[in-house]
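>>> show me how the following folds:
(chains A, B, C and D)
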Number of protein chains: 2
Amino acid sequence: MNFDSNIPIYIQIADYIKNLIFRGVIESGERIPSVRELAKELGANPNTVQKAYSLLLKEGFLKTKRGIGYFVTDDEEFLQRKRKEALLNFVREVKERLKKSGFTLEEFKREL
Amino acid sequence: MNFDSNIPIYIQIADYIKNLIFRGVIESGERIPSVRELAKELGANPNTVQKAYSLLLKEGFLKTKRGIGYFVTDDEEFLQRKRKEALLNFVREVKERLKKSGFTLEEFKREL
DNA sequence: ATTACTGTATTATATACCTATGACAGTAGA
DNA sequence: TCTACTGTCATAGGTATATAATACAGTAAT
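Residues are numbered from 1 along each chain as shown, chains lettered A, B, ... in the order given. You can find the predicted model right below:
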């Protein structure tokens, strides 16, 4: 993982976890690394990981059990919906950026 | 223009100008708004606009004449090359994000 | 010369982010 | 019970970003 970006690290970590869920690397209901574990693994601060987890908690991706750990939500329907939303949002974002930069969709597809 | 993003404002402004150049809204050699003008127009601070312009100056998109203003470089070959680079970088970024999120290229194209 | 623009630079202040460190509370197993 | 994990919270310090205010220097038109 690479933190040399303008995007806040806790956002990058949240996206990283979200992507692992979408990819099925972490399954529904499964436990994820503790804040201290992941912090050590990524070379980040536990507080930063905590902030990322809190965000995912608020968004509904994670559940927490004090003293035990964080878990991916077991609401599979929710995850499927979010996955679809993520794709559509991404498509919208791509189109927006193409328009802003003055690239045509054809020009883009040609390089894809 | 919208600054409620995690991306620093001076980066957003630099991208905004770059896009205007790529789209041909501002032409090669043409003068761009003064730091104070653009700051007022965007509701940002002149120092922030200055930082954006300095970045574009360093990258070669702009030239400066003290007491007169900032101008888009007259090196059209450079701009063409940068435009192409921007497209290819964007394509690479899109592919990367698709891979990280576990979306297939076909899945993406279907929504495009 | 005066005026009104330019770019450029400095200082101070506020805020968000990140890290380091430590503390407290809940859980599970030896 | 003790130990070693968990989540959670608080404090302090450093850095980047953004704003506000001000100042100085170069250019051009009146």
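>>> tell me the residue of chain A that sits nearest DNA strand D?
Nearest residue of chain A to DNA strand D, counting by Cβ to the nearest atom of the strand: residue A:34, 3.1 Å away. Bear in mind the C-beta positions are built from the backbone N, C-alpha and C, glycine included.
>>> quick one: secondary structure of the most centrally placed residue in chain A?
Central residue of chain A (Cα atoms, centre = their mean): residue A:15, 2.2 Å from the mean position. Three-state assignment for residue A:15 (DSSP: H, G, I helix; E, B strand; the rest coil): helix.
>>> okay, it: pLDDT?
On the pLDDT scale, residue A:15 is placed at 97.
>>> how far away is it from residue A:1?
According to Cβ to Cβ, to the nearest Å, residue A:15 and residue A:1 sit 11 Å apart.
>>> again, but for residue A:41
Residue A:41 is 9 Å from residue A:1, where distance means Cβ to Cβ.
>>> same check, this time on residue A:110
Distance check for residue A:110 against residue A:1: by Cβ to Cβ, it reads 32 Å.
>>> same question, residue A:98
Distance from residue A:98 to residue A:1, by Cβ to Cβ: 28 Å.
>>> between these two, point out the one with more neighbours.
Ranked by neighbour count (other Cβ atoms under 10 Å in any protein chain shown), residue A:98 and residue A:1 place residue A:98 first, with 17 against 10.
>>> give me the element that one is part of.
helix A:76-101 (DSSP states H and E).
>>> okay, buried residues for the helix or strand just after that helix please.
Using DSSP H and E, the helix or strand that follows helix A:76-101 in sequence is helix A:105-111. Of the residues in helix A:105-111, residue A:108 count as buried by neighbour count, 16 or more other Cβ atoms under 10 Å in any protein chain shown.
>>> and the contacts of helix A:105-111?
A:94-95, A:98, B:87-88, B:90-91, B:109, B:112 (Cβ atoms under 8 Å, 6 or more residues apart in numbering or on different chains).
>>> filter those residues to the buried ones?
Buried by 16+ other Cβ under 10 Å: A:94, A:98, B:87, B:90-91, out of the contacts of helix A:105-111.
>>> could I get those as CSV with pLDDT and distance to residue B:67?
Shown next, in CSV, are these (pLDDT from 0 to 100; distance: Cβ to Cβ, whole Å):
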residue, pLDDT, distance to residue B:67
A:94, 97, 42
A:98, 97, 38
B:87, 97, 36
B:90, 97, 37
B:91, 98, 41
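>>> right, and the pair among those residues with maximum separation?
A:94 and B:87 (12.1 Å; Cβ to Cβ).
>>> coming back round to it: excluding covalently adjacent residues, which one is nearest to the residue of chain A closest to DNA strand D?
Excluding the flanking residues, the one nearest residue A:34 by Cβ to Cβ, 6 or more residues apart in numbering or on different chains is residue A:69, at 5.8 Å.
>>> so where's chain A uncertain?
By pLDDT under 70, chain A contains no weakly predicted segment.
>>> check whether the helix or strand residue A:10 falls within contacts DNA strand C.
Using DSSP H and E, residue A:10 sits in helix A:9-22. Yes: judged by Cβ under 7 Å from any atom of the strand, helix A:9-22 comes into contact with DNA strand C through A:9-11.
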